[in-house]
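Q: sequence? don't have it. structure:
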């Protein structure tokens, strides 16, 4: 059975797995944005936290993904459902690019601009929301882009713990020694990563202040 | 605020500023600055003039002594209120690159929630005041020349009509012709507005041209305060060396003769 035949015959399932995959990536990216950006801002304000925060995010990146899924298995509530577990693991992986890019983005804002704002009487909040975040937005989006592309790939491994997604086909194909089935999972995942990369890349360019 | 000509707008009382490592950038400064004067802080890099300026709007906090604005120690002021009542212009201009000229100028009026009609008319008025076409309002800083950017910087500082204006080498990065043009316009503007201006420069010519009084600073100390006339006649060796440095250029040229 060739690839196209397989995909056509299983289009219902393929669609479902694609949606599952999107859910894993989307939910984990959203969580990582909600946690990573505030953390990135925090370490620009308290430089003492810089090393521990970036260091921990770095260490997480070095844990092999399959092992991380395994480590989280005994966690209460999280471990009860495979997709929660997968989302948590993917969130942890996505944190580093988000924290790091938020931090570098804000740090690279021309100090003359923030000092002029401060000297004229803008509050810290106003400096953050009117100056620092808008001016570092494209760098932050670049972080989101890296995080999404990484997690589209990593999410295929989530199938190993039963979290679903396009990895299902990859693992099934491996077990069946059937290339077509592997490709039926791998190709849509690759397309998903490419589309995310292109669209976020476009957004990054549009939001660049210069 | 009192507007009587000789009232004190800003006062330094025994002010020192030390770095965390203990070295001092400013030592025991006592200085009254009068309402409506253009007070120039003159000195070379590292003499403490920018430090002095930043102590006024509390971008820096004195290690010892106190700074008063309108007779009140600035430590008692709400820092946001204090800064909004003081205009601030710096050499790098510090315009917000993602805001057009209009948004840049109206920064503080908007932060103060002025009604939009009042903001619009204020922006138009300020553009005219600093000699810019109304059409510039919708342009972004990167689309402006250095001189235009600095004019916008001045307009932004004047937006909420502060009585005090702090200017940190505002014309230092401009080419000589544009600089001379802006200096002349600054003089004309100041004759109309009578702001209390504290002006930092290392350029003796600029100090003599713009200042009503000149404070010469050297390695964290105030050396002397003179009017421009006194400055040119002073016997103080340091003041003389400054004035002579300024003069030598012209003399050297005359001695060398046209080639």
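A: Cool, the structure landed. The structure presented is a predicted model; accordingly, all values stated were derived computationally and were not measured.
Q: touching chain B at all, the helix or strand containing residue A:206?
A: Using DSSP states H and E, residue A:206 maps to helix A:179-207. No - judged by C-beta under 8 Å from any C-beta of the partner chain, helix A:179-207 stays clear of chain B, getting no closer than 9.4 Å. Heads up, the C-betas are built off the backbone N, CA and C, glycines and all.
Q: and residue B:224, what does it touch?
A: B:215-216, B:234, B:236, B:238-239 (C-beta atoms under 8 Å, 6 or more residues apart in numbering or on different chains).
Q: list the buried residues of the helix or strand encompassing residue B:177.
A: Using DSSP H and E, residue B:177 maps to helix B:176-193. Within helix B:176-193, the residues that count as buried by 16 or more other C-beta atoms under 10 Å in any protein chain shown are B:178-179, B:181-183, B:186, B:189-190.
Q: give me the contact list for the host helix or strand of residue B:199.
A: Taking DSSP H and E as the criterion, residue B:199 maps to strand B:196-201. Contacts to strand B:196-201, defined as C-beta under 8 Å, 6+ apart, come from residues B:9-10, B:33-42, B:49-50, B:52-53, B:56, B:163-170, B:172, B:190, B:207, B:210-211.
Q: what about those, which are in strands?
A: B:9-10, B:33-34, B:38-42, B:164-168 (DSSP state E).
Q: of all these, which two lie farthest apart?
A: B:34 and B:168 (20.0 Å; C-beta to C-beta).
Q: between those two, who's got more neighbours?
A: The neighbour comparison of residue B:34 against residue B:168 (other C-beta atoms under 10 Å in any protein chain shown) goes to residue B:168, with 21 against 17.
Q: can you narrow the contacts of strand B:196-201 down to the ones near chain A?
A: Okay, of the contacts of strand B:196-201 touching chain A (C-beta under 8 Å from any C-beta), that's residue B:166.
Q: buried ones among the contacts of strand B:196-201?
A: For the contacts of strand B:196-201, buried by 16+ other C-beta under 10 Å: B:9-10, B:33-42, B:49-50, B:52-53, B:56, B:163-170, B:172, B:190, B:207, B:210-211.
Q: you'd agree residue B:181 is up against residue B:147?
A: Yes - the pair residue B:181 and residue B:147 passes the contact test of C-beta atoms under 8 Å, sitting 7.0 Å apart.
Q: neighbours around residue A:88, how many?
A: Using other C-beta under 10 Å, residue A:88 has 18 other residues around it.
Q: related to what we said a few turns ago, which of the buried residues of helix B:176-193 sit farthest apart?
A: B:178 and B:190 (18.3 Å).
Q: which helix or which strand is home to the most centrally placed residue in chain A?
A: Using C-alpha atoms, centre = their mean, the residue of chain A that lies closest to the mean C-alpha position is residue A:147, 3.3 Å off. Element membership for residue A:147, per DSSP H and E: helix A:133-154.
Q: so what does that helix touch, helix or strand wise?
A: On a contact count with 3 or more C-beta pairs under 8 Å, 6 or more residues apart in numbering or on different chains; DSSP states H and E, helix A:133-154 meets helix A:11-45, helix A:82-107, helix A:179-207.
Q: what mean pLDDT does that helix have?
A: The average pLDDT for helix A:133-154 rounds to 95.
Q: what sits up against the very next helix or strand once past that helix?
A: Following helix A:133-154 in sequence order, the next helix or strand is helix A:167-176 (DSSP H and E). The contact list for helix A:167-176 (C-beta under 8 Å, 6+ apart) reads A:14, A:17, A:21, A:155-160, A:178-186, A:189.
Q: any idea how far residue A:135 lies from residue B:167?
A: Going from residue A:135 to residue B:167 by C-beta to C-beta, to the nearest Å gives 25 Å.
Q: sorry, wrong one. I was asking about residue A:197.
A: Residue A:197 is 47 Å from residue B:167, by C-beta to C-beta.
Q: next, the contact list for the closest residue to chain A within the stretch 51-200 of chain B, please.
A: In the stretch 51-200 of chain B, the residue that lies nearest chain A is residue B:94 (2.7 Å; C-beta to the nearest C-beta). For residue B:94, the contacting residues are A:110, A:112-113, A:115-117, B:153, by C-beta under 8 Å, 6+ apart.
Q: make a PyMOL selection of the buried ones in these.
A: Command for PyMOL, covering only those of the contacts of residue B:94 found buried under the criterion 16+ other C-beta under 10 Å:
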select buried, (chain A and resi 113+115+116+117) or (chain B and resi 153)
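Q: now residue 132. Nearest residue, chain neighbours left out?
A: Let's take chain A. Nearest non-adjacent residue to residue A:132, counting by C-beta to C-beta, 6 or more residues apart in numbering or on different chains: residue A:106, 4.9 Å away.
Q: my question was about chain B
A: If the residues on either side of it in the chain are set aside, residue B:132 comes closest to residue B:151, at 5.5 Å by C-beta to C-beta, 6+ apart.
Q: with residue B:141 instead?
A: residue B:95 (4.2 Å).
Q: so the one you found is in which element?
A: Counting by DSSP H and E, residue B:95 is part of no helix or strand.
Q: so it sits against residue B:156, correct?
A: Yes - counting by C-beta under 8 Å, residue B:95 does reach residue B:156; the two are 7.4 Å apart.
Q: who's more crowded, the two?
A: residue B:156 (30 against 25).
Q: quick one, what contacts the more buried one?
A: A:120, B:95, B:104-105, B:107-108.
Q: most neighbours among the residues you listed, which one is it?
A: Of the contacts of residue B:156, with other C-beta under 10 Å as the count, residue B:105 tops at 30 neighbours.
Q: hmm, that one is touching residue B:157, no?
A: No - the criterion here is C-beta under 8 Å, and residue B:105 misses it with residue B:157 at 9.4 Å.
Q: does residue A:56 belong to a helix, a strand or coil?
A: helix (DSSP: H, G, I helix; E, B strand; the rest coil).
Q: and it, how many neighbours?
A: 15.
Q: and it, how far from residue B:101?
A: 44 Å.
Q: can you check residue B:27 too?
A: Distance from residue B:27 to residue B:101, by C-beta to C-beta: 41 Å.
Q: so those two - more neighbours on which side?
A: residue B:101 (27 against 18).
Q: which residues touch the more buried one?
A: So residue B:101 contacts B:127, B:132, B:136-141, B:144, B:152 (C-beta under 8 Å, 6+ apart).
Q: again, but for residue B:47
A: Applying C-beta under 8 Å, 6+ apart, the residues contacting residue B:47 are B:217-220.
Q: please report how far it lies from chain A.
A: Using C-beta to the nearest C-beta, to the nearest Å, one gets 20 Å for the distance from residue B:47 to chain A.
Q: for that residue, give me phi and psi.
A: phi -80, psi -10 (degrees, to the nearest 10).
Q: if we can go back for a sec, and which of the contacts of residue B:156 is nearest residue A:49?
A: The nearest one, if we look at those relative to residue A:49 and count by C-beta to C-beta, is residue A:120, at 28.6 Å.
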